[in-house]
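S.K.: need coordinates for the following:
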Amino acid sequence: MTEARPEAGRRGMAHHPGLDGVRASALLMIMLYHADPTWIPGGFISVSLFFTLSGYLITSLLVFEGEANGRVSLRSFWERRLRRLAPAALLALVAVVLLSAWLGSAAEQARVRGDAVSAALYVANWHSIFAGHSYAELFSDESPLQHLWSLSIEEQLYVLVPLVVAIGFVVGLRRRGIGVVFVVLSVVSVLAAVIASDHDRIYYGTDTRAVELFGGAALACFLAPRLERWATGRFRWWNVLWLLPLVGFVWFSRIVESRSEWLYDGWLGVFVLLNIPFCIGSLLPGPMRWIMSLAPLTLLGRMSYGIYLAHWPVYVWIDEDLVGWSGWPLLGVRFVVTFALAALSYRLVEKPIRARRVLAGNRPALVTLVATFPAVVLLPLLVLPGDSSNGRDAASDGPVVLATVAPSVPDDTVVQGDTVVPGDTVVQGDTVVPGDTVVSGDTVVPVGEQIDPDAAIEVLVIGDSVAENIALALSRAADGRLGVVSGGVLGCPLQKVELVHRRVDEDQATDYCPDNVALVTDRIERIDVVFVVASVANQWDYRPLGSTERVVVGSARYEDDLDAWLDDVRAVTVPARVPVVFLESPRVSDEPMLNGDTAEPRGAWNSVMTRWDAEFDDVAVVAYDDLLADPDSDVGRAQRPDGTHLDEDFGVELARRSLIPRLRAAWAGAMRSVDES
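M.R.: Presented below is the predicted three-dimensional model:
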């Protein structure tokens, strides 16, 4: 078994192809996870491997420099980091902002506006925390820049780590003493995660994630010189054991989930104990280093920065709707586009600037950065709409027509054979009878008893992000006899309220949410049924308009407010003979910090819908929970990767097999009840 031997590098550190392979392995894991979290539910842990590897590499360089020169040049380090990282990142930000201005909806543009500014300032992780952007929403509230939170953490620590090393040499600590400092800082980081209670605060926080990078820094301080020597040594049989971290990494990626409770009790940082032997094994002679040094992996590792920057925007914009494929074929298209963009960035931007073939001098590079940086920060503020609602300014878009009924003849006519007659009549053989009756054989019967559940109908779907998700599934399963208009908006309850108590520690403004009564009124002449899909967002406590009261789900005020809302809707739908059909609120994956997704509020909301179904002829409820597996089971995770929203492929199949037939049956039953009454 042959493998590339590391060549000695300056400052006492060699270039190790195996570490390029480590970077590539982490990159491929996160790309697969982002493509479909059901493939690798714990693929997000590879970000931790990135952090540890970065900590090892930068600290090794800094400490070797300090030992050689007696001090560390912070200016030189930061100049190298900016030359390495800033050009490709700024280019990616400009491209995403301009594409969002061209292709994005108002909701996406508002989200990108804040994300782009924070990413340019390298505070994207803190922006996600303060804006309430949960990592669990990655696949339902997609932002093409959401992945840059991890780069922001790295950049912030690229300021802190060199300062620690530089100060350490100034005060005479040297290598081992500096290593002890990083161990202490690692303990502090773990304690910060233990003390914090909010999952997203723990996941995105620089302080709570720093342990993963500090662990690599400590490794560099204690073992880097020995690892450099051992890397040039001979293969020993026990080096086979360094494959175990690779096996453990793959195993954890299969069993861990972003919703795993234990991760947020301080254990997220403990992955550093897996990352460290992973990196060591990739340095020492043996099968682990041989695997990590394979040419495809090392090439990907060298290009990993550009690939990471490009992959998520590509995933967001190149989807099943665009290419007509799903699964592995779609992933193949995404990979080709991502690697092509990254190759261009590497060849034309990253490598020339880093090798000083472009902007060779520090002064021209600094002047260019000073001129470019403010322009990149200002660009999203100038070309994208303002973010007045935490990136959820979706109401300005209005409802979206996702599917239309296949055209036949004008709405005011019917066809009998080759004869077109006015819509207020029907034809039986050669006999024309009034339009409020139909003929079955020789019998004339009322229209209401002859409702065709398979008739072409137009559906207006209103509610929260689950309504958006369900509307998309219905439209993709439609066969030309189902028109679908989506009016659902992420995080919006059915009523107009001041705010909702979305999380234990967070209130969410709802000024961006649509007026659902107005939405129904505007489209009443063009729809046959209102389909209400309100899941967790209608199970949050809320503050009514113009009030300071907290209305608790299940309380008398909660039911009274909902009754008043339905009365307003029915004042529009009843005269138009348009039924209102509700979708049962199903079990969702329990996230302890999120209000409304447990049994009590779900039961309260379902009981209100059930009461309406019994009370009003024009109201019906469609059963839904029985169609879904336990959201925390393997099958349930495949059906709803984030515990709430349907997987695209499963959603289409479920809509075709069950949701559309049940919706049609509920509509037809309500119509019959209305006509009979």
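
S.K.: I'd say residue 154 and residue 52 touch.
M.R.: No - with contact defined as C-beta atoms under 8 Å, residue 154 and residue 52 do not form a contacting pair (11.2 Å). Where C-beta positions appear, they are placed from N, C-alpha and C, glycine not excepted.

S.K.: give me the common contacts of these two.
M.R.: Common neighbours of residue 154 and residue 52, using C-beta atoms under 8 Å, 6 or more residues apart in numbering, are residue 213.

S.K.: comparing these two, which shows the higher neighbour count?
M.R.: Set residue 154 next to residue 52 and count neighbours by other C-beta atoms under 10 Å: residue 52 wins out with 28 against 22.

S.K.: pull the helix or strand harbouring that one out as PDB, backbone CA atoms only.
M.R.: Residue 52 is located in helix 46-69, with elements delineated by DSSP states H and E. What follows is helix 46-69 as a C-alpha-only set of coordinates in PDB (Å, rounded to 0.1, in the frame of the first residue of the first chain):
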ATOM      1  CA  SER A  46     -19.200  17.200  10.000                       C
ATOM      2  CA  VAL A  47     -19.200  20.900  10.700                       C
ATOM      3  CA  SER A  48     -17.600  20.000  14.100                       C
ATOM      4  CA  LEU A  49     -14.800  18.200  12.200                       C
ATOM      5  CA  PHE A  50     -14.200  21.300  10.100                       C
ATOM      6  CA  PHE A  51     -13.900  23.400  13.300                       C
ATOM      7  CA  THR A  52     -11.400  21.000  14.900                       C
ATOM      8  CA  LEU A  53      -9.300  20.700  11.700                       C
ATOM      9  CA  SER A  54      -9.200  24.500  11.300                       C
ATOM     10  CA  GLY A  55      -8.100  24.900  15.000                       C
ATOM     11  CA  TYR A  56      -5.300  22.400  14.500                       C
ATOM     12  CA  LEU A  57      -4.000  23.900  11.300                       C
ATOM     13  CA  ILE A  58      -4.000  27.600  12.200                       C
ATOM     14  CA  THR A  59      -2.600  27.000  15.700                       C
ATOM     15  CA  SER A  60       0.200  24.700  14.400                       C
ATOM     16  CA  LEU A  61       1.300  27.500  12.000                       C
ATOM     17  CA  LEU A  62       1.100  30.100  14.800                       C
ATOM     18  CA  VAL A  63       3.000  28.100  17.400                       C
ATOM     19  CA  PHE A  64       5.700  27.000  14.900                       C
ATOM     20  CA  GLU A  65       6.100  30.600  13.900                       C
ATOM     21  CA  GLY A  66       6.300  31.700  17.600                       C
ATOM     22  CA  GLU A  67       8.900  29.100  18.300                       C
ATOM     23  CA  ALA A  68      11.000  30.100  15.300                       C
ATOM     24  CA  ASN A  69      10.800  33.900  15.700                       C
END
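
S.K.: next, give phi and psi for the residue lying closest to residue 215 once chain neighbours are set aside.
M.R.: Leaving aside its sequence neighbours, residue 215 sits nearest to residue 272 (C-beta to C-beta, 6 or more residues apart in numbering; 3.4 Å). Main-chain dihedrals, residue 272, degrees, to the nearest 10: phi -60, psi -30.

S.K.: got a list of what residue 272 touches?
M.R.: Residue 272 touches 48, 52, 186, 211-212, 215-216, counting by C-beta under 8 Å, 6+ apart.

S.K.: neighbour-wise, which of those residues leads?
M.R.: Using other C-beta under 10 Å as the neighbour test, the contacts of residue 272 are led by residue 211, with 30 neighbours.

S.K.: check which residues of whatever helix or strand it lives in are buried.
M.R.: Residue 211 belongs to helix 206-231 when elements are defined using DSSP H and E. Within helix 206-231, the residues scored as buried using 16 or more other C-beta atoms under 10 Å are 206-225, 227-228, 230-231.

S.K.: what do you get for stretch 350-359?
M.R.: With burial defined by 16+ other C-beta under 10 Å, the residues of stretch 350-359 counted as buried are 350, 353-354, 359.

S.K.: please enumerate the helices of the stretch 351-500 of the chain.
M.R.: Using DSSP state H, counting those that start in this stretch, the helices of the stretch 351-500 of the chain run over 351-354, 362-383, 465-477.

S.K.: any chance of these in a markdown table with mean pLDDT and distance to residue 166 as columns?
M.R.: Converted to a markdown table, the helices of the stretch 351-500 of the chain look like this (pLDDT from 0 to 100; distance: least, C-beta to C-beta, whole Å):
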| stretch | mean pLDDT | distance to residue 166 |
| --- | --- | --- |
| helix 351-354 | 86 | 23 |
| helix 362-383 | 84 | 19 |
| helix 465-477 | 90 | 47 |
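
S.K.: out of those, deepest packed?
M.R.: Mean neighbour count (mean count of other C-beta atoms under 10 Å) peaks for helix 465-477 among the helices of the stretch 351-500 of the chain, with a mean of 24.

S.K.: re earlier: closest one of the contacts of residue 272 to residue 578?
M.R.: In terms of C-beta to C-beta, no member of these lies closer to residue 578 than residue 48, at 52.3 Å.

S.K.: which SS class is the closest residue to residue 643 other than its chain neighbours?
M.R.: Counting by C-beta to C-beta, 6+ apart, residue 589 is the residue found nearest to residue 643 once chain neighbours are left out, at 2.5 Å. What DSSP: H, G, I helix; E, B strand; the rest coil gives for residue 589 is coil.

S.K.: ok so, going back, need the helices of the stretch 351-500 of the chain in TSV (columns: distance to residue 539).
M.R.: Below are the helices of the stretch 351-500 of the chain laid out as TSV (distance: least, C-beta to C-beta, whole Å):
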stretch	distance to residue 539
helix 351-354	52
helix 362-383	34
helix 465-477	11
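
S.K.: packing partners for the helix holding residue 211?
M.R.: helix 46-69, helix 149-170, helix 174-195, helix 199-204, helix 272-281 (3 or more C-beta pairs under 8 Å, 6 or more residues apart in numbering; DSSP states H and E).

S.K.: contacts for stretch 543-556 next, please.
M.R.: 496-501, 507, 539-542, 557-558, 561, 596, 600-601, 603-605.

S.K.: so which bits of it are buried?
M.R.: For stretch 543-556, by 16+ other C-beta under 10 Å, it's 543-544, 551, 553-554.

S.K.: what's the least confident stretch among the helices and strands packed on helix 206-231?
M.R.: Set side by side, the helices and strands packed on helix 206-231 give their lowest mean pLDDT on helix 199-204, at a mean of 88.

S.K.: please compute how far that one lies from its chain's middle.
M.R.: Computed by C-alpha atoms, centre = their mean, to the nearest Å, the separation of helix 199-204 from the middle of its chain amounts to 15 Å.

S.K.: hmm, back to that, what's the closest of the helices of the stretch 351-500 of the chain to residue 238?
M.R.: helix 351-354 (37.7 Å).

S.K.: by contact count, what packs against the lengthiest helix in the chain?
M.R.: When the chain is parsed with DSSP state H, its longest helix is helix 74-103. Where contact means 3+ C-beta pairs under 8 Å, 6+ apart, helix 74-103 is packed against helix 46-69, helix 106-120, helix 149-170, helix 304-317, helix 327-345, helix 351-354, helix 362-383.

S.K.: and of those, who's closest to residue 95?
M.R.: Proximity to residue 95 (C-beta to C-beta) singles out helix 304-317 among those, at 7.7 Å.

S.K.: packing partners of the helix or strand immediately after the closest one in the chain?
M.R.: Downstream of helix 304-317, the first helix or strand assigned by DSSP H and E is helix 320-323. If contacts are counted by 3+ C-beta pairs under 8 Å, 6+ apart, helix 320-323 sits against helix 327-345.
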